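**Student:** The following block contains a protein sequence and its predicted model.
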2 protein chains.
Amino acid sequence: MKTMKEIAKLAGVSQSTVSRVINNNPNVNPEIRKKVLKYIKKYNYQPNRIARSLVNNKSYLIGVILPQISNPYFPQILESLEDEANKYQYNIVLAITYGNLQREKEQLAMLISRRVDGIIINPTKLSQTEHIKAIKDTLPVVVCAQDLEGFDYVTVDHYLAGKLVAKYLINKGHINIGYIGHLEDKKFKGFYEEIISNNLIFDESNHLMKPEEIYNQQNNDTVTQQYELLSKIKNNNITAIYTINDIIATKLINLLQMHKIRVPQDVAIVGFDNTLICNLINPALTSVAQPTREIGQKSIEILIKKIEIENPQTSNIPEQVSLLPKLVERKST
Amino acid sequence: MKTMKEIAKLAGVSQSTVSRVINNNPNVNPEIRKKVLKYIKKYNYQPNRIARSLVNNKSYLIGVILPQISNPYFPQILESLEDEANKYQYNIVLAITYGNLQREKEQLAMLISRRVDGIIINPTKLSQTEHIKAIKDTLPVVVCAQDLEGFDYVTVDHYLAGKLVAKYLINKGHINIGYIGHLEDKKFKGFYEEIISNNLIFDESNHLMKPEEIYNQQNNDTVTQQYELLSKIKNNNITAIYTINDIIATKLINLLQMHKIRVPQDVAIVGFDNTLICNLINPALTSVAQPTREIGQKSIEILIKKIEIENPQTSNIPEQVSLLPKLVERKST
DNA sequence: CTGAAAGCGCTTACAG
DNA sequence: CTGAAAGCGCTTACAG
């Protein structure tokens, strides 16, 4: 691979001039520009962006840290991040943590060492983020698809999503609605408050189980305590169930059908994430869609705004965006 | 962020010495090393890898070019690539082409300009690869999850996979087996030859349709000419169908069930890729598993071997690895 | 419009 | 064991 110096020599000009041609600096004699371009083309010269980064103190690289990408939800976001970053001439260095906090720290150090211009992160553990906080005054950081106080973030509004599901099901006439998920989840909070504000009841008997009791994400295995679940549904006259993701919802539908409980006639089911699974199963699954494309786009937009701003101190108020969820209705409700 | 020069000044030593400490060069007085390390820790100094890359002419970056990652198959491979690269201290720059050849060329130029040490690519169009060939004498390239003559590659053996499916179905007693896919596909070639070598028949009536006739990958839409398909199956007494991916297989199962054709009693179905969908639908889908983890690992291993070899000319024979497919039997057959 | 020179933050012979 | 110096491939004032 030729260097700029070699191209300069071949064209009989100085390195400065070649640099000016490469960077479209108008102060170049058109004749000379043409000659230089000829040699650039002839040797298929590509300027070394590493050298350029060193001079400009800017890598045009964005580090993206994700816990995993085998769940179909993250690839959608990653694709959107990559696509949007490209529009601004940035590229993505991918760092996966596999749910391991130590690895997240190492990946963070690696990205800093590589002098990425900014970082997009979906934190591995929302309760342990000191190491991320520690760098955010040095390097722009945007939290993606999670809301984390003190940070810039872009996420779907989980609280509203919960409300949306409750409203929809109540509107359909359901008065006794079950939930499979964690009670601390904001997806639940909005759901719960909507139920209560409609003078309906949600107590322990409506909290059917935790997600890990029906499906083990690690080894992809079903671990249901079936009979407990089924009796809870029957004994409490549950007619609709809100689940925290499409996989859980699908496992649930299979289980119910196996026991001759019809979906949606006996029990309606709502999933979350609106993955491609929804259209593949029978009945097709009603699910809450996250605007993954917008999440990716907005994350990049905010990050690049922070990168290219002159004095970072002025904009100390974090930009926090909660996008609207959308309920996609299908046959399961 | 501090520089090496500043750390040197603080520690009262030369920059060379700090460099030696950073690089674990044994020729450093233990006392001095300790002192230098103290300042490195104190200021949380991280050496600038961009500068290092410029000196060493080595970026420890691998470019990965994929057509997309929203299909659940690619993330598995990408995860494996990232994980394996990390073990060798390399990181991944992600480049997605979205099935666009022009974009593939741009991404390739970008990666060259960034001076990645090597490229892993799943080509967007197998019929148009001149631009990839053009760079492979300059930069190590490994083709991933495809077999492309003239290149190093790592893939599952599609031919064997086809044979495997045919053998399995014939062994189950099926004598009239349908296929949904393209006839040029190697997945079909092995399948076909196995059928023929068992003195069974495969003619036009067994080629049920092309994949794009049952499912449009672009807009995620079902476009079946249902009646044509159903009558082909009935009129020809097809009792088993081999499809080229799990999504098509699932669409097919839904269609059959809608028309009261039972799976597997009336028609057995085999998918391809063994994605998470297989366990979610009813009946669970028998599918050909690709060893995605091994594909990723082996791709990185070969690439890094090529990167770190002294004279690239000697190893002009491309390394081509075809890994064994595995048939995962479930309820659909 | 053009070129010589300094400098980005490192590594690495070389001399001592 | 240590430091001064050259150099990696660029960009960018500066002088002309």
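**Tutor:** Yep, it's here.
**Student:** Residue A:108 touches residue A:123, doesn't it?
**Tutor:** No - counting by CB atoms under 8 Å, residue A:108 stays clear of residue A:123, with 10.6 Å between them. Quick note: C-beta positions are derived from backbone N, CA and C, even for glycine.
**Student:** Identify the contacts common to the two.
**Tutor:** Counting by CB atoms under 8 Å, 6 or more residues apart in numbering or on different chains, the shared contacts of residue A:108 and residue A:123 are residue A:132.
**Student:** Strands along the stretch 51-200 of chain A, start to end?
**Tutor:** In the stretch 51-200 of chain A, the segments counted as strands under DSSP state E, counting those that start in this stretch are A:61-66, A:91-96, A:118-121, A:141-144, A:152-156, A:177-180.
**Student:** what angle do the second one and strand A:61-66 make?
**Tutor:** With axes from the mean of the first three to the mean of the last three CA atoms, to 10 degrees applied, the angle from strand A:91-96 to strand A:61-66 works out at 30 degrees.
**Student:** Could I get the strands of the stretch 51-200 of chain A in CSV, plus columns for mean neighbour count?
**Tutor:** Converted to CSV, the strands of the stretch 51-200 of chain A look like this (neighbours: other CB atoms under 10 Å in any protein chain shown):
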stretch, mean neighbour count
strand A:61-66, 26
strand A:91-96, 23
strand A:118-121, 26
strand A:141-144, 26
strand A:152-156, 25
strand A:177-180, 24
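**Student:** Any chance of a markdown table for these, columns mean pLDDT?
**Tutor:** Shown next, in a markdown table, are these (pLDDT from 0 to 100):
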| stretch | mean pLDDT |
| --- | --- |
| strand A:61-66 | 98 |
| strand A:91-96 | 98 |
| strand A:118-121 | 97 |
| strand A:141-144 | 97 |
| strand A:152-156 | 96 |
| strand A:177-180 | 96 |
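**Student:** Quick one, which of the ones you listed gets closest to DNA strand C.
**Tutor:** Comparison of the strands of the stretch 51-200 of chain A against DNA strand C by CB to the nearest atom of the strand identifies strand A:61-66 as nearest, at 15.4 Å.
**Student:** Domain-wise, how is chain A divided?
**Tutor:** A:4-47, A:56-156+A:293-323, A:158-289 (automatic domain parsing).
**Student:** what does the stretch 1-150 of chain A have sitting close to chain B?
**Tutor:** A:1, A:46-51, A:53-54, A:59, A:61, A:64, A:68-70, A:72, A:74-76, A:78-79, A:82-83, A:91-96, A:98, A:109-110, A:112-115, A:138 (CB under 8 Å from any CB of the partner chain).
**Student:** Could you dump the domains of chain A into CSV and include distance to residue B:207?
**Tutor:** Shown next, in CSV, are the domains of chain A (distance: least, CB to CB, whole Å):
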stretch, distance to residue B:207
domain A:4-47, 45
domain A:56-156+A:293-323, 31
domain A:158-289, 24
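**Student:** and of those domains, who's closest to residue B:288?
**Tutor:** Closest to residue B:288 of the domains of chain A is domain A:158-289 (CB to CB; 17.5 Å).
**Student:** Could you work out the end-to-end span of that closest one for me?
**Tutor:** By CA to CA, to the nearest Å, the extent of domain A:158-289 from end to end equals 11 Å.
**Student:** ok, now stretch A:41-53?
**Tutor:** Its first and final residues considered, stretch A:41-53 spans 23 Å by CA to CA.
**Student:** buried sites along it?
**Tutor:** Residues of stretch A:41-53 classed as buried: A:45-53 (neighbour count, 16 or more other CB atoms under 10 Å in any protein chain shown).
**Student:** Pick the one among these closest to residue A:131.
**Tutor:** Nearest member of the buried residues of stretch A:41-53 to residue A:131, counting by CB to CB, is residue A:53, at 24.9 Å.
**Student:** how about the residues of the stretch 201-333 of chain A near chain B?
**Tutor:** Neighbours of chain B within the stretch 201-333 of chain A, by CB under 8 Å from any CB: A:220, A:222, A:247, A:250-251, A:254, A:257, A:276-277, A:279-282.
**Student:** Take the residues you listed and lay them out in a markdown table including secondary structure.
**Tutor:** Shown next, in a markdown table, are these (DSSP: H, G, I helix; E, B strand; the rest coil):
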| residue | secondary structure |
| --- | --- |
| A:220 | coil |
| A:222 | strand |
| A:247 | helix |
| A:250 | helix |
| A:251 | helix |
| A:254 | helix |
| A:257 | helix |
| A:276 | helix |
| A:277 | helix |
| A:279 | helix |
| A:280 | coil |
| A:281 | coil |
| A:282 | coil |
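**Student:** Give the PyMOL command for selecting the buried subset of those.
**Tutor:** Those of these that count as buried under 16+ other CB under 10 Å are selected in PyMOL with:
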select buried, chain A and resi 247+250+251+254+276+277+279+280+281+282
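**Student:** Nearest to residue A:308 among the strands of the stretch 51-200 of chain A would be which one?
**Tutor:** Proximity to residue A:308 (CB to CB) singles out strand A:118-121 among those, at 9.7 Å.
**Student:** Mind giving me the packing neighbours of that closest one?
**Tutor:** With contacts defined as 3 or more CB pairs under 8 Å, 6 or more residues apart in numbering or on different chains; DSSP states H and E, the packing partners of strand A:118-121 are strand A:61-66, strand A:141-144, helix A:292-308.
**Student:** can you redo these as TSV with distance to residue A:188?
**Tutor:** Below are the helices and strands packed on strand A:118-121 laid out as TSV (distance: least, CB to CB, whole Å):
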stretch	distance to residue A:188
strand A:61-66	24
strand A:141-144	21
helix A:292-308	21
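**Student:** Would you mind giving these as CSV with distance to DNA strand C added?
**Tutor:** Formatted as CSV, these follow (distance: least, CB to the nearest atom of the strand, whole Å):
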stretch, distance to DNA strand C
strand A:61-66, 15
strand A:141-144, 21
helix A:292-308, 17
